[in-house]
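> the sequence isn't on hand, but the structure is:
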């Protein structure tokens, strides 16, 4: 009886502490803005349905900032302070996380996934709070506002792969038939939009799941796609293109192998990581993929430092492309801050308010010219009317258990999706 | 009997209202955002409490009904350029009507069987939203801020006053509803539907009315969410959220007017504190643990708290509140 009373009292105490903490933290906020630091907001899906991507992204981003603060003395002498939030791949949490970043005085923020940025972009655009999405889809910046893409989007992936396939692989007659298996959010929609816009121009037939524009869909936590793949198999496709995160992509590949589907399988860059190869095992052999960063261990200027920090802090992420993407994302944010400080001075950014956000956009992001990101991915530049900061991808294939680059960097042209009447419907 | 009977009641009410309406003076935008979300969740949870807590009709599709309200209001205010208040009212009505449709099986089935039909509601509603062009499908849609008579509720404090104002009205309505003939009919159906029918309670009418009122509240919450969040995507109304709403009213105390308030405050604040304070703190300090350890704390703590509540206080925080009130009345005597 006494133990029960003790437990209940403990719970009541916890409740009281929890309910009063916000007031205490709220009253104490604001003092940090006076410090000589620059705050960056970072949110990753480190738990939840996309944790296999979010965690290495989080580690890569944090390690890069630790490296800049510790070894480069920060940006122009000012230390970078991270405000990091785990979004749990929960879209309902995103608006409050963005509000938190704005309240904390962050000069800009980043997300890992297009789905989370889709949920955040309404508020960010409304307040002019600049955001950088590592993985993006056309809906984030068509038409361009205050959200920017670190890398080419999922539509660019599809176009790059299909162009490669038509030029180098396809030997049949007529148009190759392409089935798209898409995650049921912006990750999948990016590839669908590109397919819909360019299928006729490229000379391919898209196998829609009924009406035009409706691809075969799956959820992030799917446990079997045998049913949808059986329907796809009956349509006799030449290519199965998957635009999803690693876990569902691996499942679809395994299910397709079980069904004996003899097709070229390709993955967009959201799914084409070491986690995919780990989950799909031998079934990933022969799978094509598009990825916008260099491979692990490539001979580029930034790789040694990246591998050193990864080995020291997060050895489990070694070989993971998402760690590289996260690291590069932080380097780009730091470059944006550095450019803004050089052009407008620290004081213009110090408050982390609406003026600072405008300075970051106008004097930082829009002044980026050919930043090489230490060779980790394609060069970063801003061009008017195109909020994708890097435009280059490469096509890869898993050969004998190893990922081999099949192409050099392919530049993805800007596509004005908003000109298509179906875009966003 | 009046709701407020003693000076203490009046004092408490005035104190709570003063605290509520001066909150924007001492909270930043972020915490105002948290309390706005709490207010929206409280309206939805109050609706579910009427349906499940008072009338005994288990619903595990509440997030779907909230989505109906959110998208109804969003479509009316963006595509038809109707005023926010029209959108808000239509959101409630549309969600209520959809609620009646999915509540029809309650005439024949109850308990777990009814729960399954409401799960179907969640999936059917979200499928339609995902496929329908007007909703923006998987990419969702952008919604304007709420506005009344030319005044736009854009700032955190203005949104807070709008949401808390409507929340107070909804809670007051729910509190009074259960003291009326309708409320007593709901409770009779929950306690023993056969006995209620023998006493002359029209089961079909009152069960469907409970679905309408419960889902009307959900629709109002959805509309407020849409115009507060200003971006709608189908992923914001997941099945997990529907389960969470059931958890909220269980933790708060089923079939009590203060239960949803306690439940919502507890769950939402717990999640915020864990995400904003605890996880980043652990991530920084406990470097001896494997990476990713801290990220798993939120779901673990969440699950643990719910399990502890179910074991130690199955009647919810409202029961604890009643015990406290009883001891306060008798103080300094034990009983």
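Sure thing, it's come through. Bear in mind the structure is a predicted one, so any value in this text is a computation, not a measurement. Numbers count the residues shown, from 1 in each chain, chains lettered A, B, ... in the order given.
> next one: whatever residue of the stretch 1-150 of chain A ends up closest to chain B, what pLDDT does it get?
Closest contact between the stretch 1-150 of chain A and chain B, by Cβ to the nearest Cβ, is at residue A:122 (3.0 Å). For the C-beta atoms, the positions are set from N, CA and C on the backbone; glycine is no exception. Here the pLDDT value assigned to residue A:122 is 89.
> measure residue A:167 to chain B for me?
Remark: distance between residue A:167 and chain B (Cβ to the nearest Cβ, to the nearest Å) = 31 Å.
> what helices and strands are in contact with the helix or strand of chain B with the lowest mean pLDDT?
Lowest by mean pLDDT, DSSP states H and E among the helices and strands of chain B is helix B:279-285, with a mean of 74. On a contact count with 3 or more Cβ pairs under 8 Å, 6 or more residues apart in numbering or on different chains; DSSP states H and E, helix B:279-285 meets strand A:79-86, helix B:297-312.
> now render these as a markdown table, adding distance to residue B:56.
What follows is those, written out as a markdown table (distance: least, Cβ to Cβ, whole Å):
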| stretch | distance to residue B:56 |
| --- | --- |
| strand A:79-86 | 37 |
| helix B:297-312 | 19 |
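> which of the ones you listed is buried the deepest?
strand A:79-86 (a mean of 20; mean count of other Cβ atoms under 10 Å in any protein chain shown).
> what's the next secondary structure element after that strand?
helix A:94-104 (DSSP states H and E).
> where does the stretch 151-300 of chain A dip in pLDDT?
For the stretch 151-300 of chain A, no stretch has pLDDT under 70.
> got the residues of it near chain B?
Proximity of the stretch 151-300 of chain A to chain B, by Cβ under 8 Å from any Cβ of the partner chain, involves residues A:184-186, A:188-189, A:214.
> next up, the contacts around residue A:221.
By Cβ atoms under 8 Å, 6 or more residues apart in numbering or on different chains, the contact list for residue A:221 reads residue A:49.
> cool, the one 5 residues further on as well?
Remark: with contacts taken as Cβ under 8 Å, 6+ apart, residue A:226 is in contact with A:255, A:258-259.
> same question, residue B:129
B:67, B:71, B:135, B:137, B:234, B:237.
> and the least confident helix or strand of chain B, how far from the chain's centre?
Here helix B:279-285 is found 31 Å from its chain centre; the criterion is Cα atoms, centre = their mean, to the nearest Å.
> same thing with stretch B:149-157?
With Cα atoms, centre = their mean, you get 23 Å for stretch B:149-157.
> cool, stretch B:184-191 as well?
Centroid displacement of stretch B:184-191 relative to its chain, using Cα atoms, centre = their mean, is 21 Å.
> show me what it is in contact with.
Residues outside stretch B:184-191 that contact it (Cβ under 8 Å, 6+ apart): B:50, B:54-56, B:178, B:195-196, B:199, B:201, B:203, B:206-207, B:210, B:255.
> just the pLDDT for the nearest residue to residue B:144 once chain neighbours are set aside.
Using Cβ to Cβ, 6 or more residues apart in numbering or on different chains and skipping residues adjacent in sequence, the residue nearest residue B:144 is residue B:77, 6.0 Å away. We have a pLDDT of 95 for residue B:77.
> of the contacts of stretch B:184-191, list those near chain A.
Near chain A, by the rule Cβ under 8 Å from any Cβ, you find none of the contacts of stretch B:184-191.
> which of these sits closest to chain A?
Distances from chain A to the contacts of stretch B:184-191, taken by Cβ to the nearest Cβ, are shortest for residue B:255, at 20.8 Å.
> and the residue positioned nearest the centre of chain A, what does it touch?
Nearest to the geometric centre of chain A sits residue A:135, at 2.2 Å (Cα atoms, centre = their mean). Counting by Cβ under 8 Å, 6+ apart, residue A:135 touches A:112-114, A:151, A:154, A:187, A:269-270, A:325.
> Throw these into TSV and include secondary structure, distance to residue A:236 and neighbour count, thanks.
Below are these laid out as TSV (DSSP: H, G, I helix; E, B strand; the rest coil; distance: Cβ to Cβ, whole Å; neighbours: other Cβ atoms under 10 Å in any protein chain shown):
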residue	secondary structure	distance to residue A:236	neighbour count
A:112	coil	36	32
A:113	coil	33	29
A:114	helix	31	30
A:151	coil	33	29
A:154	helix	25	29
A:187	helix	26	28
A:269	coil	27	28
A:270	coil	27	34
A:325	helix	36	26
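> show me where the chain has its helices.
Since you didn't name a chain, this refers to chain A. With helices called from DSSP state H, chain A shows them at A:2-28, A:51-71, A:94-104, A:114-127, A:154-164, A:186-202, A:226-234, A:246-258, A:274-280, A:303-313, A:321-344, A:347-350, A:354-359.
> that's the wrong chain, I wanted chain B
B:7-26, B:29-48, B:62-78, B:84-103, B:112-131, B:156-177, B:181-191, B:193-198, B:203-229, B:239-252, B:259-273, B:279-285, B:297-312, B:316-330.
> quick one: list the elements packing against the fourth one.
In terms of contacts (3+ Cβ pairs under 8 Å, 6+ apart), helix B:84-103 is packed against helix B:62-78, helix B:112-131, strand B:147-148, helix B:203-229.
> and that helix, what's its mean pLDDT?
Averaged over helix B:84-103, pLDDT sits at 96.
> so, low pLDDT: which residues of chain B?
Checking chain B against pLDDT under 70 turns up B:1, B:3, B:283, B:287-288, B:290-295, B:334-335.
> if we can go back for a sec, to residue A:304, which of the helices of chain B lies closest?
Among those, the nearest to residue A:304 by Cβ to Cβ is helix B:279-285 (26.0 Å).
> much appreciated, bye for now.
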